[in-house]
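Trainee: Structure here, sequence nowhere to be found:
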């Protein structure tokens, strides 16, 4: 799978997964995620997927300031219903990084390491995209995303119309894809740690 080179320059997320350690899936339970993993999961790259990846990173960093985040140790509560807008897509990326799963998740082994019911929909703060809460100590943060500082290129809509046309050329589709991904690039490389874009609040 050939991916844009800038994906590899995006921030990475290192977590410790006790289940992976127990089952011998990763030495010390250490798993590192990159933006390309989120792209492979969702099958596409857009500001929503990139924003979800960065929000997951920021939320875990806030909850685990002095230690590696524990994958499977966070309860994620989405602010909206699963079928509303981009909620489901964002939740998929959150599951990838945090391990939190809905009712279809892993039910545990020996009464430990359960991942099901750690992801919930529609029960959170409607003013945020999601809340992350540590299962061990109850610390929590609310996450939201403001992309107004990274507007799409002025020609994006026109390029999209042409790219979606039945008679679109390869060059037209490539031009649209290039401009689309440039906004993702700016988000990942220029605003990954921008608190006005990736918003983390304690309430």
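Mentor: Cool, the structure landed. Note that the coordinates shown come from a computational prediction; the quantities given were computed from them, not determined experimentally.

Trainee: what helix or strand is residue 132 on?
Mentor: strand 130-134 (DSSP states H and E).

Trainee: Got phi/psi on the residue of the chain positioned farthest from its centre?
Mentor: Going by C-alpha atoms, centre = their mean, the residue of the chain most distant from its centre is residue 167, 34.3 Å out. For residue 167, the backbone dihedrals (degrees, to the nearest 10) come out as phi -100, psi 20.

Trainee: repeat for residue 157
Mentor: phi -60, psi -40.

Trainee: Report pLDDT for it.
Mentor: pLDDT recorded at residue 157 is 96.

Trainee: returning to that earlier point: I'd like to know how far the residue farthest from the centre of the chain sits from residue 161.
Mentor: 12 Å (C-beta to C-beta, to the nearest Å). The C-beta positions use only the backbone N, C-alpha and C, and glycine is treated the same way.

Trainee: ditto for residue 127
Mentor: According to C-beta to C-beta, residue 127 stands 34 Å off from residue 161.

Trainee: just how off-centre is the strand holding residue 132 within its chain?
Mentor: 13 Å (C-alpha atoms, centre = their mean, to the nearest Å).

Trainee: One more: stretch 116-130?
Mentor: Counting by C-alpha atoms, centre = their mean, stretch 116-130 is centred 14 Å from the centre of its parent chain.

Trainee: Which residue ranges of this protein form strands?
Mentor: Using DSSP state E, the strands of the chain run over residues 13-16, 30-33, 74-78, 119-120, 130-134, 140-145, 198-201.

Trainee: what's the closest of the ones you listed to residue 52?
Mentor: Nearest to residue 52 among the strands of the chain is strand 140-145 (8.0 Å), distances taken as C-beta to C-beta.

Trainee: Quick check: which helices or strands does the longest helix seen in the chain pack against?
Mentor: Secondary structure assigned by DSSP state H gives helix 170-190 as the longest helix of the chain. Contact here means 3 or more C-beta pairs under 8 Å, 6 or more residues apart in numbering; DSSP states H and E; on that basis helix 170-190 packs against helix 47-63, helix 156-164.

Trainee: got a pLDDT number for the closest residue in space to residue 162 that isn't next to it in sequence?
Mentor: Excluding its sequence neighbours, the residue lying closest to residue 162 (C-beta to C-beta, 6 or more residues apart in numbering) is residue 172, at 4.7 Å. For residue 172, the pLDDT comes out at 97.
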